[in-house]
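> got a predicted model here, sequence first, then my questions.
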Amino acid sequence: MTIRRRAILGAAVSLPFAPAVLRAQPAFPSRTMRLVVPFAAGGSVDLTGRLIAERLQSVLGQTMVVDNRGGAGGNLGAAEAARSEKDGHTLLLASASILAANKFLYTKSMPIDPIKDLAPVTRVTTGTVFMTVNANSPYKTFDDVIKAARKDPGKLTMGSSGTGTISHLTIAKVCKATGVDITHVPYRGGAPALQDLLSGNIDMMFDVIPLAMSNVREGRLRVLAAASADRVTYSPELKDVPGMKELLPGSGIDMQSWYGMNVPAGVPQDRIAILHKAIAQVVDTDEFRAKMEPNGFTTVVDPSPEAYGAYLLEQEKLWKGLVEESGASLD
């Protein structure tokens, strides 16, 4: 009897000193979430973001609002996300160019350092870049384009989603490898460039393909080349498009893009872990792959936020070299 009373008394005395980890933690997420897409509505990043947001809100149990913040090559949206409250309720869906290239393009005006001011969660998609022309174009093959460019230097025009984007850096590498001169026409995003391609105002585009696929299927655009080293075999509609190993052997060209999810630096690691798990539940599925792969993108989930962070550091070095090679500058 005495022993039992002492045990109860000991438990009662120890309760006020219970470790903090045993106390109830605030629920997360606890309110409407925001996904910042740093480009205008209608582009490839926006389309990807809306597909993810639609599915992610059911996994997390909260409404997710897509917030398009275009401008300055994606820097305005990235800065908006970086400066948001550090509670995990704001995410950024960013492209490789924003996270790894822009600091070398905007050397004076870059508002943030993506490595320091954003915390990694995971990549979500990866894909290559394709050359497309209007279906009424006289160019039937990649070689047709290169021959025409050699015949009339500077006459052919190529639209891009902006100076320093992967579409611009791709044409810079192709021009260097082939010794041709193609005039670069930068736009404020892929959507307006695509409209000018469909209207016949420019000769071609080198860009990520999801935005253009409906026009490819409906016969308004023709795909001539993949900028990746190899063919994109996971897409039935693109598997016959030759890659750079076939078109420019020995050039070493292998241009691929990716999109990743980040949050403001300072978000607690336990919340980042929750977001990583939820995003993986959405992205690493046959249903989501079935949405992306016909459009030339496939899904990718890093095993941990730390693994994605290490990948970002490697990509920063790679994209620094691409920018320097292109000679592009936005300051």
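Right, received. Where do you want to start?

> please count neighbours and contacts with C-alpha atoms only from this point.
Will do.

> for the stretch 1-150 of the chain, which spans come out with low pLDDT?
Low-confidence segments of the stretch 1-150 of the chain, defined by pLDDT under 70: 1-25.

> all helices of it, in order?
Counting by DSSP state H, counting those that start in this stretch, the stretch 1-150 of the chain has these helices, from start to end: 2-14, 44-60, 75-82, 96, 102-105, 114-117, 142-151.

> mind listing residues that contact stretch 111-120?
Outside stretch 111-120, the residues that touch it by Cα atoms under 8 Å, 6 or more residues apart in numbering are 75-76, 78-79, 82, 98-100, 103, 261-267, 305-306, 308-309, 312-313.

> quick check on the residues you listed: which are buried?
Neighbour-count burial within the contacts of stretch 111-120 applies to 75-76, 78-79, 82, 98-100, 103, 261-267, 305, 308-309, 312; the criterion is 16 or more other Cα atoms under 10 Å.

> touching the one helix or strand Cys175 maps to from outside, list them.
Assigned by DSSP states H and E, Cys175 belongs to helix 166-178. By Cα under 8 Å, 6+ apart, the list of residues contacting helix 166-178 from outside reads 97, 129, 146, 158, 160-162, 181-182, 184, 186, 205-208, 227, 248, 251, 253, 255-257, 322-323, 325-326.

> mean confidence for that helix?
Helix 166-178 shows a mean pLDDT of 92.

> now that helix and helix 142-151, what's the angle there?
Between the axes of helix 166-178 and helix 142-151, defined by axes from the mean of the first three to the mean of the last three Cα atoms, to 10 degrees, the angle is 70 degrees.

> just the C-alphas of the next helix or strand after helix 166-178, formatted as CSV.
Per DSSP H and E, the first helix or strand lying C-terminal to helix 166-178 is strand 183-186. The C-alpha trace of strand 183-186 is given here as CSV (Å, rounded to 0.1, in the frame of the first residue of the first chain):
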residue,chain,number,x,y,z
THR,A,183,18.4,35.8,-83.7
HIS,A,184,17.1,35.4,-80.1
VAL,A,185,13.8,37.1,-79.3
PRO,A,186,13.1,37.1,-75.6
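
> let the chain start at 827 from now.
With 827 as the first residue, the last one maps to strand 1009-1012.

> the helix or strand following strand 1009-1012 packs against which elements?
Note on strand 1009-1012: by DSSP H and E, the next helix or strand toward the C-terminus is helix 1016-1025. The contact analysis (3 or more Cα pairs under 8 Å, 6 or more residues apart in numbering; DSSP states H and E) places helix 1016-1025 against strand 944-960, strand 983-986, strand 1030-1034.

> list the buried residues of helix 1016-1025.
Buried residues in helix 1016-1025 (16+ other Cα under 10 Å): 1016-1020, 1022-1024.

> got it, and stretch 860-878?
For stretch 860-878, the neighbour count (16+ other Cα under 10 Å) marks 860-867, 869-872, 874-876, 878 as buried.

> quick one: which of those residues is nearest to Arg1043?
Closest approach to Arg1043 among those (Cα to Cα): Ser870, at 16.4 Å.

> quick revisit: if you compare the helices and strands packed on helix 1016-1025, which one is most tucked away?
With neighbours taken as mean count of other Cα atoms under 10 Å, the helices and strands packed on helix 1016-1025 reach their highest mean count in strand 1030-1034, at a mean of 29.
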